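Visitor: sequence and predicted structure are below.
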Amino acid sequence: MKKSRFRSILKYFLVLLVAILILLNLFVLLTGRTYLYKGIQETYLKGKKGPDIYDSIIFPTRTAKHDLHPEAWKINPKLIPLDAQAISFMEGLQTTSFLVIKNQEIISETYFEKHTIHTKSNSFSAGKSLIGLLIGIAIDEGKISSFDALIKDYLPFRMPNDEGVTIRDVLAMSSDLVWEESGKNPLSDNAEAYYSSDLIKVMKSKGFAKEKTHDFNYKSGNTELLGLILKEATGKYPTEYLEEKVWSKIGTENDLLWSLDQENGMEKAFCCAYATTRDFAKFGQLILNYGKWNGKTIIDSTTLTELITPISEASPFYGLQFWIYHDPQHPAIYARGILGQYIVAIPSLNVVMVRTGHKRQEDQIPVTYNPKIDYKSNHPGDIPEYYTILMRILEQTDE
């Protein structure tokens with residue numbers, strides 16, 4: 001009797017499971033969200049909750065070759081180790097690397113878990129700053145007429161309500177792109193773009209709000225459009241242009257990989273450049289050098305200044321694909337990713353700080369925002385802590 005009842009219950013749950021799977025498949029097919037198959041396969045079925053810093057192995061990639069004359073960082077003979085408090089904090093956020101360079105010399109370097117100096121990990125949205133830099137270079141070269149050029153003149157397709165939308169609008173995240181930004185929702189535009197096998201099709205399906213506000217509204221689709229604009233303007237994919245204009249010229253020791261939507265396809269320009277921690281620091285040093293490397297101009301300093309200048313008094317924390325941290329004593333320009341990928345350039349200290357890992361703290365956003373007081377707002381909550389750790393390291397170098 002008990003076996004019969006058990007079999008009935010088991011049969012009921014199996015039928016229910018099959019019904020749920022059928023309904024889910026119908027939902028995917030009817031809504032066209034076929035990217036969910038790839039997303040589920042690479043996350044939930046592997047015990048993960050979302051994208052990972054080592055995802056380069058699950059997508060096709062394009063390679064930016066390293067410098068033919070690589071420059072290893074100088075290493076201070078008295079490397080400063082992280083103290084117990086810093087290690088505890090970093091382990092709590094599953095940090096994988098933390099690197100501090102001062103005066104173009106490594107003064108502190110720590111790796112966690114299986115991460116080493118040779119490991120390449122995902123930039124996530126820190127890659128947006130690479131794209132911003134490339135747009136600036138394309139403007140320097142005349143491939144794009146100006147920051148205020150219309151995107152319709154450079155995109156290979158038109159978009160609803162794109163009249164009057166400029167490249168500056170897109171760089172500044174103030175284009176009023178209709179896009180659902182979320183790093184957690186599997187039905188968001190971010191998820192679709194991350195797991196899609198046809199990014200051009202995804203972007204063709206988007207448009208802009210009819211009534212423009214030109215307010216800052218962070219949406220990753222803007223950067224994907226910039227990647228397409230680069231391809232159209234230069235005739236090269238973003239990774240190819242990065243190799244030619246930047247990666248092969250700033251002393252990098254390792255190739256960079258950039259995830260694509262399909263074999264020989266389009267870069268996920270809004271994220272997903274893979275490099276070592278030390279090579280990410282080369283990008284930070286380029287910013288610190290105001291666009292020069294060994295005296296050679298990679299990007300015009302005036303153009304770079306425009307990229308790293310706040311877009312408005314109302315949004316002083318953002319430039320053109322770069323974040324700006326207005327620490328009262330030591331302001332910084334930095335690139336950042338959703339899981340705490342930070343490439344930080346601090347001019348007043350001549351310091352580059354790089355952190356990679358699996359987690360970050362939520363952005364600090366006050367109820368009533370005052371740009372002159374709330375300099376920590378709109379930045380992840382762990383940024384001030386990394387500053388504190390940095391200052392303790394610098395104090396030891398001065399002893």
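Guide: That came through, no problem.
Visitor: contacts, neighbours, all on C-alpha from now
Guide: Fine.
Visitor: mind listing the strands for the stretch 1-150 of the chain?
Guide: For the stretch 1-150 of the chain, strands defined by DSSP state E, counting those that start in this stretch occupy the ranges 61-64, 74-75, 95-102, 105-111, 121-122.
Visitor: the helices in the stretch 51-200 of the chain, which residues?
Guide: 84-92, 127-140, 167-171, 189-195, 199-204 (DSSP state H, counting those that start in this stretch).
Visitor: quick revisit: buried deepest among the strands of the stretch 1-150 of the chain, which one?
Guide: Comparing the strands of the stretch 1-150 of the chain by mean neighbour count (mean count of other C-alpha atoms under 10 Å), strand 121-122 ranks first with a mean of 26.
Visitor: average pLDDT across that one?
Guide: Mean pLDDT, computed over strand 121-122, is 98.
Visitor: ok, back up a step: mean pLDDT for the helices of the stretch 51-200 of the chain: which is lowest?
Guide: When I compare the helices of the stretch 51-200 of the chain, helix 189-195 is least confident, with a mean of 94.
Visitor: and the nearest residue to P156 once chain neighbours are set aside, how many neighbours?
Guide: Computed as C-alpha to C-alpha, 6 or more residues apart in numbering, the closest residue to P156 that is not its neighbour in sequence is E232, at 6.7 Å. If you count neighbours by other C-alpha atoms under 10 Å, E232 ends up with 17.
Visitor: remind me what the stretch of helix or strand E232 belongs to packs against, helices and strands.
Guide: Taking DSSP states H and E as the criterion, E232 maps to helix 221-234. Judged by 3 or more C-alpha pairs under 8 Å, 6 or more residues apart in numbering; DSSP states H and E, the packing partners of helix 221-234 are helix 127-140, helix 167-171, helix 199-204, helix 238-242.
Visitor: which stretches in the stretch 251-399 of the chain count as strands?
Guide: Under DSSP E, counting those that start in this stretch, the stretch 251-399 of the chain gives strands at 256-259, 273-275, 292-293, 296-297, 323-325, 332-337, 341-346, 351-357.
Visitor: out of the helices of the stretch 51-200 of the chain, nearest to H66?
Guide: helix 127-140 (15.2 Å; C-alpha to C-alpha).
Visitor: how far off centre is that closest one?
Guide: 13 Å (C-alpha atoms, centre = their mean, to the nearest Å).
Visitor: next one: stretch 161-178
Guide: 19 Å.
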